[in-house]
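S.K.: how would this look folded up:
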Amino acid sequence: MQKNRLTWMIGGPQGSGINASAEVFAKACSRAGLRVYANIEYHSNIMGKHSFYRVRVDDEDVRSYKDKADILVALDLETLAGDGDHRRWATHYGHLAEINDGGGVIFDNEIGFDPATANRPDLRFYPVPFMEIIKKALEEVGKGEQARRYEVMKNTVGLGASLALCDYPFDLVAEVIRSQFKGKRAEVGELNVRAAKLAFEHVKQHESAKDFPYTLKPGKEPTARILAKGYEIHAIAKLKAGCSFQTYYPISPATDESVFLERQQRDYTMLVVQCEDEISSINMAVGAAHMGVRAATATSGPGFALMVEGIGFASITECPGPVLVMYQRGGPSTGMPTRQEQGDLQFALHPAQGDFPHIVTAPGDLREAYQDTFSAFNWAERYQMPIIVLSDKKLASVYTTIDKLELKWDQIDRGERFTGSEWTAVDAKGANDAGSQSGHNGNGHGKMDLANVKEYLRYAFAKDGISPRSRPGIKGGRHWITSDEHDPDGHITEGVEMRVAMMEKRMGKLKLAQKAIPQEQQYFLHGPKDADLTVLAWGSTKGTVLDALKVLEAQGKKINFLQCRLMRPFPAQAVGDILRKAKRIVSIEENYSGQLAQLVQEQTGVMIDQRINKFDGRPFSEDEVVNALAKVYEGAKAEPVVTHVH
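M.R.: Take a look at the predicted model:
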C-alpha cells in the first residue's frame, strides 16, 4: 500500500477543461500541506488536439514528474488508445502503458472503450457515466434539459471519481472548486461540486475501489505555501523590481507572462503594451529604458530572432536595459511552439552582429527565477546593458509548491545617474579631444570658458567604464544617441583610436559584473565534492537532476551536480577548477548538440564528451535521468534520451 505519494493524470481534447480540474486537485493538495509538482503537455493548436496534465503529490519536496501515474482520467478514447490508428507518425499510443501496476483508469462510458483490449489485466477500470451524472446534478436545480451546455463539467466528474479511488477527503477539493466560482458564478461552482460528489459516490460503490493500493491523505501539519506557475513568478519579480513598462507580441509560451501583467497593471505603476510585432516590442522597451523607467519584454525563439538588432542597439547605446525574459521552446523556425527545449543558449549568447556586452542568466527553478529576474533590473541599470533571462516552456508552465518566495539580494540599484550637478570634465572625451569645442556647449549653456569648461558627456571615459546616464527633464543632461560607433559626446565617429577606446569601455563592464554578481547566482555545486561522477547541467533540468540524484544516492552511488546559472559573463575559472578535479563528467541538456557543454569547452578547455541529450520536445522525467545516469555511472556511453510513447 503506497501512501501519500501519488501521480494523477487527466487527458482529453484541448478545450475540455483538463487544466481546471488538474489545478483544482493541485490546490487542494497544496492547501492540505502536501507538496505538488504538476506539468501539462499540449499541442500548439487551440482546440481539439490531445493534451494531458500530470499532478505529482508527495509529503516530501518534488521537483519533476515520474514516467508512470497511479490514476488516469480519460475524457476521450485517444487518451487511452492514442492517435496511432490514423497518423503516419503517431504523437502517442495512449497512456495505458504509463500507469503503474494495480493503478486505476477512470473513463467516460460513452467513448466506446473495451478494457479487454488494453492487455493490462493488472489495472482497475472504472467506466463512469459522465453525462448522466452531469444531467442528474442539473436536474436537482431544474436544469436537466441543459446537460449538453455543461458538458465541460466532465473534467470535474473525472476529478470527483478519482478522489473516491485514492480516498482523498472530498470536502477539501469541494472548497477549492467553490473558490474558483465567485459572485454570479457561485451557482456554477455548486453545480460542479454536486457533479463531483455524484461521481465520487458512483465510484465508491465499486468493490475494487475499497482496497485501491494508491491512497492520499492530507499532510500532518498543513502549512501555508505558495502554489504558482513559472510565468507568474517571472512577472511578480518584474513588479517587485519596479518594472514600469512591459512590451510584447503574442507568442507561445511567453504570452502568459504579459497577460498576467496586464491583469495587474492597474494596481501597480505599470503599462503593458501589446505591439504590432517583436521589432516594435524590443525598440519600445529600449526607448523606455533610455527615458529612465525600468523596462522589459518577453518572447520566445522566433520572436527573439526579430529582436536581435534592437538588442545590439541597446548595447551600443549603453541602454540601462531592457530586461528580456526568453521562454525557450522547440526550434528551429516555428518548430514546436508548445514543447520543451533548451535550444537557445548559444543564440542568447550571440544574438546580434559584432562584439557587445550583455548579461545572460538561466535560473533553474521558480525561486531562482524570482531572484534572477529581480536582479536583472539592477544589472541592467548598474552596467547599462540589456539583460537576457533564459526561461523555457517547462519552467513557464510548471505548477508547483514553494515554501517561501524571498529575495536574497533585495536592494534596488538604479546605477550611476546624472542629476545636473556632477559635470564631466571635458578631458574625459579623450586626450586628443580635450578643449577642442568651438566655444559653445551642446547642452544649452551658452558660451564656455574653454580653460575650465565642464559639460555632460553621456559616454565619458569613466574609470570603471560606466558613465552616468541622463533622462529627459534633467537640466544640462541633453545628449546624442546613435546606433553608430560614437565618441563621448554621442557623435558618430569611425576613428581608430576612438573605436578601440569605446569597445574597451563597453566590454570592460562584463568584468565588473563578473566580480560583483554573487557566486551563488553564477554556479553551484550540489552534492559531495569527492563524487565518482559529476553532472553538468543548467536551467530547468535542475529539479529533475536533484530528484534523480536523491534516488541514486539511496542506491549507494556518489554523484554531484554542477549547476551553471550565469552564462555571460561565464565563470570560467571557477567552473574549470571544479571540472578539472572531477573524476568523470557527463552533461545533461534538453537540446541536440549539448550547448552548455560546448560553452564550457570553449571557456575552460575541459572537454565534455559524455552527453545525455534530449530533444523530442518533452522534458526529462526523474526516471529517465535515473536510468541514464545509472548506466553512465556503471561505465556505459552516454546516449540521447527519447520519450517512450508506446
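
S.K.: Report the secondary structure element holding the residue nearest the centre of the chain.
M.R.: The chain has Leu395 as the residue nearest its centroid, 2.9 Å off, counting by C-alpha atoms, centre = their mean. Assigned by DSSP states H and E, Leu395 belongs to helix 393-397.

S.K.: go on, Ala298?
M.R.: Per DSSP H and E: strand 295-299 holds Ala298.

S.K.: Quickly run through the sheet partners of that strand, with directions.
M.R.: Applying DSSP bridges, strand 295-299 is found paired with strand 245-248 (parallel), strand 323-328 (parallel).

S.K.: Just the residues contacting it, thanks.
M.R.: Contact with strand 295-299 is made by 234, 238, 243-249, 251, 254, 257-258, 278, 281-282, 285-286, 288-289, 307, 321-327, 377, as judged by C-beta atoms under 8 Å, 6 or more residues apart in numbering. C-beta here means a position set from N, CA and C on the backbone, and glycine is covered the same way.

S.K.: Give me the longest helix you can find in this structure.
M.R.: Criterion DSSP state H: the longest helix present in the chain is helix 496-516.

S.K.: Figure out how far it is from the centre of its chain.
M.R.: In terms of C-alpha atoms, centre = their mean, to the nearest Å, the centre of helix 496-516 is set 31 Å apart from its chain centre.

S.K.: Point out the other helices and strands that it packs with.
M.R.: Counting contacts by 3 or more C-beta pairs under 8 Å, 6 or more residues apart in numbering; DSSP states H and E, helix 496-516 packs against helix 366-383.

S.K.: Could you check the angle the helix it packs on makes with strand 323-328?
M.R.: 140 degrees (axes from the mean of the first three to the mean of the last three C-alpha atoms, to 10 degrees).

S.K.: Tell me the gap between helix 366-383 and the middle of its chain.
M.R.: Between the centre of helix 366-383 and the centre of its chain there are 14 Å (C-alpha atoms, centre = their mean).

S.K.: now swap in stretch 40-60 and tell me
M.R.: Distance, stretch centre to chain centre, for stretch 40-60: 16 Å (C-alpha atoms, centre = their mean).

S.K.: cool, and stretch 66-76?
M.R.: Its chain's C-alpha centre lies 24 Å from the corresponding centre of stretch 66-76 when counted by C-alpha atoms, centre = their mean.

S.K.: Return that stretch as CSV; C-alpha atoms alone will do.
M.R.: Extracted in CSV, the C-alpha atoms of stretch 66-76 (Å, rounded to 0.1, in the frame of the first residue of the first chain):
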residue,chain,number,x,y,z
LYS,A,66,7.6,10.4,-13.0
ASP,A,67,7.1,8.3,-16.1
LYS,A,68,4.1,6.5,-14.7
ALA,A,69,0.9,7.6,-13.0
ASP,A,70,-1.3,5.8,-10.4
ILE,A,71,-4.6,7.2,-11.6
LEU,A,72,-5.6,8.1,-15.2
VAL,A,73,-8.8,10.0,-16.0
ALA,A,74,-9.7,9.7,-19.7
LEU,A,75,-12.2,12.2,-21.2
ASP,A,76,-11.9,10.7,-24.7
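
S.K.: Just the buried ones among the contacts of strand 295-299, please.
M.R.: 234, 238, 243-249, 251, 254, 257-258, 278, 281-282, 285-286, 288-289, 307, 321-327, 377 (16 or more other C-beta atoms under 10 Å).

S.K.: Poorly predicted segments of this protein, please.
M.R.: 1-3, 85-87, 422, 425-454, 646 (pLDDT under 70).

S.K.: could I get the strands paired with strand 295-299 as TSV with distance to Val55?
M.R.: Output for the strands paired with strand 295-299, formatted as TSV (distance: least, C-beta to C-beta, whole Å):
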stretch	distance to Val55
strand 245-248	29
strand 323-328	22
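
S.K.: Tell me which of those sits nearest to Thr117.
M.R.: Thr117 lies closest, by C-beta to C-beta, to one member of these: strand 323-328, at 39.3 Å.

S.K.: thinking again about what came up before, other SSEs contacting the helix holding Leu395?
M.R.: For helix 393-397, the packing partners by 3+ C-beta pairs under 8 Å, 6+ apart come out as strand 35-41, helix 230-240, helix 255-264, strand 323-328.

S.K.: quick one, helices of the stretch 151-300 of the chain?
M.R.: 154-166, 170-180, 186-204, 230-240, 255-264, 278-290 (DSSP state H, counting those that start in this stretch).

S.K.: Of those helices, which is nearest Gln519?
M.R.: Closest of the helices of the stretch 151-300 of the chain to Gln519 is helix 230-240, at 20.6 Å (criterion: C-beta to C-beta).

S.K.: for the closest one, packing partners?
M.R.: Contacts defined by 3+ C-beta pairs under 8 Å, 6+ apart place helix 230-240 against helix 255-264, strand 323-328, helix 366-383, strand 387-392, helix 393-397.

S.K.: do that again at 6 Å, thanks
M.R.: Helix 230-240 sits against helix 255-264, helix 366-383, helix 393-397, with contacts defined as 3 or more C-beta pairs under 6 Å, 6 or more residues apart in numbering; DSSP states H and E.
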